[in-house]
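Engineer: with the input below, show me the fold.
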Amino acid sequence: MENKGKRKSLKVGVIAAIAIVVAGVSIYATNASAGESITEAEAKQIALAEVKGADISNITKFQKDKDDGRTEYDVEIIYDGYEYDFEISAKDGTIFDQSKEKADPGDLAKLEAKAAKAEADKNADNGGQSADNKTVVVDQSNSSSGNSSSSSSGSSGISLEKAKSIALSQVSGASSSNITKAYKDYDDGREEYDIEIRYNGYEYDFEISASSGNILSKDVDRIEYDDDDRYEDDWDDRYDD
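Structural biologist: Sure, this is the predicted structure:
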């Protein structure tokens, strides 16, 4: 009888131990879930709510990180000439830290290029029409369809001087003296102008549609000192004769 009682007590103890383990796992799972209850989409909206007028396209960096043993979202927004940085709790959405400073000119240009590309892609998806159903001028230089007047208009397009003006409008403070390259080229069967502007320590490269004046691409790079050597060479070659 005594052994039977011991076996019964042992059995009860094992069951109790299992129950404790199960409860512990359950609590751990609950805590783990509570540790990251804010989704990435929610974190982005929390940051955007702090920058009036900005939208999802203004988010230039986003990543999940761990800092001081806590999980957080790092969000960068560039809007209206400023860069906003946020550290947001992945647990409850609390903003641990935020800062605002003047955006780097290179970052601003890349954001503008990204927006221009998105708009161009959107128009292409709409079959050459904008979102409000107004017709967007497209390159018709390789098309034999349409009446003679529209075909002529599509072929003539914009002049090189107009393309320069469009490029300069994207580089605040620059003038025609800052244009270092400007020529007409063909790419993917379309006629375009390639414009290079050097201003304030940066090189801006544009591809502009010769038919519509749309900016097809825009790239900005910081000028390396070695790049300026070619202008010295050009100067020497100009007076060798």
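
Engineer: outline the domain layout of this protein.
Structural biologist: For the chain, the structural domains run 40-102, 157-238, going by automatic domain parsing.

Engineer: of these, which is nearest Leu108?
Structural biologist: Leu108 lies closest, by CB to CB, to one member of those: domain 40-102, at 6.7 Å. (Glycine included, C-beta is placed from N, CA and C.)

Engineer: and that closest one, average pLDDT?
Structural biologist: Average pLDDT, domain 40-102: 91.

Engineer: can you pull the contacts of Gly173?
Structural biologist: By CB atoms under 8 Å, 6 or more residues apart in numbering, Gly173 lies in contact with Tyr199, Asn200.

Engineer: and it, how close does it get to Gly106?
Structural biologist: 15 Å (CB to CB, to the nearest Å).

Engineer: also Ala174?
Structural biologist: The value you get for Ala174 to Gly106, if CB to CB is used, is 15 Å.

Engineer: before we move on, back to that, ok, which of the domains of the chain comes nearest Ala120?
Structural biologist: domain 157-238 (6.5 Å).

Engineer: quick one: least confident helix or strand in the chain?
Structural biologist: Among the helices and strands of the chain, helix 148-156 carries the lowest confidence by mean pLDDT, DSSP states H and E, at a mean of 42.

Engineer: show me where this structure has its strands.
Structural biologist: Assigned by DSSP state E, the chain shows strands spanning 59-67, 70-79, 82-89, 95-102, 179-187, 190-199, 202-209, 215-222.

Engineer: for the last one, which helices and strands make contact with it?
Structural biologist: Read that as strand 215-222. helix 105-125, strand 202-209 (3 or more CB pairs under 8 Å, 6 or more residues apart in numbering; DSSP states H and E).

Engineer: tell me the strands beside that strand, with direction?
Structural biologist: strand 202-209 (antiparallel) (DSSP bridges).

Engineer: same question, the fifth one
Structural biologist: When pairs are called by DSSP bridges, strand 179-187 turns out to pair with strand 190-199 (antiparallel).

Engineer: same check on the fourth one?
Structural biologist: The strands that strand 95-102 pairs with in its sheet are strand 82-89 (antiparallel) (by DSSP bridges).

Engineer: again, but for the second one
Structural biologist: Using DSSP bridges, the strands paired with strand 70-79 are strand 59-67 (antiparallel), strand 82-89 (antiparallel).

Engineer: may I have it exported as CSV, CA atoms only?
Structural biologist: Extracted in CSV, the C-alpha atoms of strand 70-79 (Å, rounded to 0.1, in the frame of the first residue of the first chain):
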residue,chain,number,x,y,z
ARG,A,70,14.2,46.3,-27.5
THR,A,71,12.9,45.7,-31.0
GLU,A,72,12.1,48.9,-33.0
TYR,A,73,11.5,50.2,-36.5
ASP,A,74,13.9,52.8,-38.0
VAL,A,75,12.0,55.0,-40.5
GLU,A,76,13.4,57.8,-42.7
ILE,A,77,11.2,60.2,-44.5
ILE,A,78,12.3,62.9,-46.9
TYR,A,79,9.7,65.6,-47.6
